[in-house]
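Asker: Next come a sequence and a model predicted from it.
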Amino acid sequence: MSVLYLLYAFVVGAFLVGFGMKISARVKRKYGPPVYQPLMDVIKLLSKRSISHGLVQDLGVWMALAGSALLVLAIPVSPFPFINLDLIAFVYVSAIASLGVALGTAQVANPYASIGMARALMLMLGYEVPVLLTVVFFYFSLGTATLADLATLQKEGWFLFKYPLLSAGYYLALLAEMGKPPFDVVTAPSEIASGPMVEYGGKYLGFLVIYAFFHTFVSTALFAVLFLGGGTWWEVLLKQLVLYFSVVVVASSFPRFVSEKAVVYQWIVPSLFVILNFVVVAS
Amino acid sequence: MKEQVRFYEKKVRIEDLYETIREFKVRGFSYFLFMTCVDWYPRNYFEVVYALRNLKTGENVKLRVKLPRENAVLPSVAEEFPLALYQERELAEMFGIRFMNHPDGDKLENVILEDWKYDPPMRRDFDTAEFASHLFGERKYD
Amino acid sequence: MKAGVLSKIGDILGDFINWARSNSIFVLHYCTGCGAVEISPTLTSRYDMTRFGIQPVATPRQADVLLITGYLSLKTLKRVIWAYEQMSAPKYVVGFGSCTINGGHYWDSYATINLLDLYLPVDLYIAGCMPRPEAIIEGFEVLKKKIKSGEPGGWIDYERRKDWYKANQRRLFGDKI
């Protein structure tokens, strides 16, 4: 049953990414690739021979895939079994996935990879601040931060409408966590030649694309469960679609922040929203 | 009449070259336009041409130096005009002219031609079509 | 009986994988010569190439197709050969413009090569000086048909006749390649 859940997350992630490519192409006035394009990319990449630099590079891919698969299994979507994780533990495990890709760059002697890894860790330093402030808020005001409890506590009203400032702050942190413009300084297409993934080819790149699908699914489903009152699988799917549509439209319209400015922005603006939310709720 | 580009010519000998260039620079011709070489193959000499411009009055001047084709040696003007650094290196590898007192050293590496083992290619007696068909293969139309 | 069924399933799986491989092509557009100006309109909004599944990537490790757009000087050819050997199989080389076919405009130059096929195994030539975006898309359709039919590309030829290719390359560069 967990395997079925992983397969479901793989398919939903693939189609979300496909829809994203199509929507961002239409925003730029061109027809995009067909919606099932990421699936064909994965099949093609898994059928190539691959060249590897050594064990540590492979270890990076396994860590990334394992971390994101664990996160998929922790989201409460109704008919699937899930691991009952706390939000703090969730944030902790989600660092493993990014650190995995960063570990893989240690054996690669490419300067683009080191620059990409440094930027990824720096950006993580940035967006963890509003996320952890959100966790603190949930503990203080509701007394619990388990995902299942938070989902059931939204029966009378979604947190999106009860705490709008909190949702706005978390939305900006979500943009940075998914690596979308204006915070896409990590992969930075046409600037540092796709960052930490620069030396992965063939089957390893296929696994990294699967990691990208899982990561998309997890980020959008987490927002849907925390703020949009997730329920059964088709309700969560609908909310994920609407959320991802808004994220892609925002992402296609902004240029990129410089890496230091992105971190400073994440420290100031979303954190300010969350702190204002504290003030508003306390009064 | 519209403004045209006009060059005043002056023929210079190799011994007076450095002094003449410095004198022109002091007189106000402080903008180094370019430096090139003309290969008079049947008459058996090179002619190196320097072009300078006076930015205040807009006058251009052309200095011509005649060189023998074998053992062509010239003093380097890169200390006066740093723009001539890479242009002299290009002439050295394309025509085979040696420059004395070049600031980058004595044995200069080629800028454009990497690992070049053949004759300097811009000379008139270097047959490029035959060289190309010898090194890169005969072209076939089948 | 069982072997027949298994081989039929293998055939269908092979056809499916070939169809997926032909619809998703990652191109490393190595902008060597003047032909690089025709790649930009083909890739962006006007003659959109991504709707056929052809996407640009940044490094040779992630690429399928090495696109040589135009003339290759000796300096560039050395680096292009290094980039080709870093790609992971199965890989294809597409030669653009007449300079890769027979030297084109610069056939008698001392610094540009005349025929690309002597140094790298070329799968497809697109003729023109420079080919227009419609010609580029038509050329990629031919490449897609070739991938879909499961025909082995030039990379197998490079592995089998490596001595011949290396001899041609060493003629230009000595021992440095």
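Answerer: Nice, I can see it.
Asker: ok so A:L71 is a helix residue?
Answerer: Yes. A:L71: assigned to a helix according to DSSP: H, G, I helix; E, B strand; the rest coil.
Asker: Quick check: closest non-adjacent residue to it.
Answerer: A:V218 (4.6 Å; C-beta to C-beta, 6 or more residues apart in numbering or on different chains). Backbone N, C-alpha and C define where each C-beta goes, glycine included.
Asker: Give me the neighbour count for that neighbour.
Answerer: 26 (other C-beta atoms under 10 Å in any protein chain shown).
Asker: Could you do C:T50 as well?
Answerer: Neighbour number of C:T50 under other C-beta under 10 Å is 18.
Asker: Need phi/psi at it.
Answerer: According to degrees, to the nearest 10, the main-chain angles of C:T50 amount to phi -80, psi -20.
Asker: and the residue lying closest to it once chain neighbours are set aside, what does it touch?
Answerer: Ranked by C-beta to C-beta, 6+ apart and with sequence neighbours excluded, the top spatial neighbour of C:T50 is A:P33, at 5.1 Å. By C-beta atoms under 8 Å, 6 or more residues apart in numbering or on different chains, the residues touching A:P33 are A:G18, A:M21, A:K22, A:A25, C:T50, C:R51, C:F52, C:G53, C:Q55.
Asker: for A:Q154, same thing?
Answerer: So A:Q154 contacts A:G229 (C-beta under 8 Å, 6+ apart).
Asker: Check whether it sits in a helix, strand or coil.
Answerer: coil.
Asker: Distance of it relative to A:G229?
Answerer: Noted for A:Q154: a distance of 4 Å to A:G229, by C-beta to C-beta, to the nearest Å.
Asker: swap in A:S253?
Answerer: 28 Å.
Asker: Same drill for the two, tell me which one is more crowded.
Answerer: Neighbours were counted for A:S253 and for A:G229 using other C-beta under 10 Å; A:G229 has more, 22 against 11.
Asker: these two touch, right, the more buried one and A:F159?
Answerer: Yes. In terms of C-beta atoms under 8 Å, A:G229 counts as a neighbour of A:F159; the distance is 7.5 Å.
Asker: Show the pLDDT at B:M1.
Answerer: Listed pLDDT for B:M1 reads 57.
Asker: cool, and B:I112?
Answerer: B:I112 carries a pLDDT value of 85.
Asker: Am I right that it is in a strand?
Answerer: No. Looking at B:I112 with three-state DSSP, it is coil, so not inside a strand.
Asker: list the contacts for it?
Answerer: B:I112 sits in contact with B:E90, B:E93, B:M94, C:A111, where contact means C-beta under 8 Å, 6+ apart.
Asker: Would you check that the first one makes contact with B:N110?
Answerer: This means B:E90. No. Here B:E90 lies out of contact with B:N110, judged by C-beta under 8 Å, at a distance of 9.2 Å.
Asker: the more surrounded of these two?
Answerer: Neighbour tally, B:E90 and B:N110, criterion other C-beta under 10 Å: the higher count belongs to B:E90, 18 against 13.
Asker: Ignoring the adjacent residues along the chain, who's closest to that one?
Answerer: B:V111 (6.1 Å).
Asker: show me what contacts the one you found?
Answerer: B:Y86, B:R89, B:E90, B:E93.
Asker: near chain A, which residues of chain C?
Answerer: For chain C, the residues in contact with chain A (C-beta under 8 Å from any C-beta of the partner chain) are C:16-17, C:20-21, C:23-24, C:44-45, C:48, C:50-53, C:55, C:57-59, C:61-62, C:64, C:86-90.
Asker: out of those residues, which are buried?
Answerer: C:20-21, C:23-24, C:48, C:50-53, C:55, C:57-59, C:61-62, C:64, C:86-90 (16 or more other C-beta atoms under 10 Å in any protein chain shown).
Asker: Return the lengthiest helix in chain C as CSV; C-alpha atoms alone will do.
Answerer: Of all the elements of type helix in chain C, the one with the most residues (DSSP state H) is helix C:2-22. In CSV, the C-alpha atoms belonging to helix C:2-22 read as follows (Å, rounded to 0.1, in the frame of the first residue of the first chain):
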residue,chain,number,x,y,z
LYS,C,2,6.7,-19.1,-23.3
ALA,C,3,9.8,-17.8,-25.2
GLY,C,4,7.6,-16.5,-27.9
VAL,C,5,5.3,-14.6,-25.5
LEU,C,6,8.3,-13.2,-23.7
SER,C,7,10.0,-12.1,-26.9
LYS,C,8,6.8,-10.4,-28.0
ILE,C,9,6.6,-8.5,-24.7
GLY,C,10,10.2,-7.6,-25.1
ASP,C,11,9.4,-6.2,-28.6
ILE,C,12,6.5,-4.1,-27.4
LEU,C,13,8.6,-2.8,-24.5
GLY,C,14,11.5,-2.0,-26.8
ASP,C,15,9.1,-0.1,-29.2
PHE,C,16,7.6,1.8,-26.3
ILE,C,17,11.1,2.8,-25.0
ASN,C,18,12.1,3.9,-28.5
TRP,C,19,9.0,6.0,-28.8
ALA,C,20,9.7,7.7,-25.5
ARG,C,21,13.3,8.3,-26.5
SER,C,22,12.3,9.9,-29.7
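Asker: So what touches that helix?
Answerer: Taking C-beta under 8 Å, 6+ apart as the rule, helix C:2-22 contacts A:L39, A:M40, A:I43, A:K44, A:S47, C:P90, C:K144, C:K145, C:I147, C:K148, C:S149, C:G150.
Asker: Double-check A:T105 against A:G60; I have them as touching.
Answerer: Yes. Using C-beta under 8 Å, A:T105 makes contact with A:G60 at a distance of 7.1 Å.
Asker: Based on its surroundings, how many neighbours for A:W234?
Answerer: Neighbours of A:W234 (other C-beta under 10 Å): 10.
Asker: so which helix or strand takes in it?
Answerer: helix A:233-251 (DSSP states H and E).
Asker: ok, that helix near chain C or not?
Answerer: No. Judged by C-beta under 8 Å from any C-beta, helix A:233-251 stays clear of chain C, getting no closer than 15.4 Å.
Asker: I'd like the distance between the residue lying closest to C:C99 once chain neighbours are set aside and C:C34.
Answerer: Of all residues not flanking C:C99 in the chain, C:Y71 sits nearest, at 4.0 Å (C-beta to C-beta, 6+ apart). Per C-beta to C-beta, C:Y71 is found 8 Å from C:C34.
Asker: Spell out which residues are contacts of both of the two.
Answerer: Common neighbours of C:Y71 and C:C34, using C-beta under 8 Å, 6+ apart, are C:G97.
Asker: Neighbour count: these two, which is higher?
Answerer: C:Y71 (26 against 16).
Asker: Quick one: residues contacting that one.
Answerer: Taking C-beta under 8 Å, 6+ apart, one finds C:T32, C:G33, C:C34, C:G97, C:C99, C:T100, C:G104, C:H105, C:Y106, C:T112, C:I113 in contact with C:Y71.
Asker: I'd like these as a markdown table, with pLDDT appended.
Answerer: Formatted as a markdown table, those follow (pLDDT from 0 to 100):
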| residue | pLDDT |
| --- | --- |
| C:T32 | 84 |
| C:G33 | 84 |
| C:C34 | 86 |
| C:G97 | 89 |
| C:C99 | 88 |
| C:T100 | 89 |
| C:G104 | 85 |
| C:H105 | 84 |
| C:Y106 | 88 |
| C:T112 | 89 |
| C:I113 | 90 |
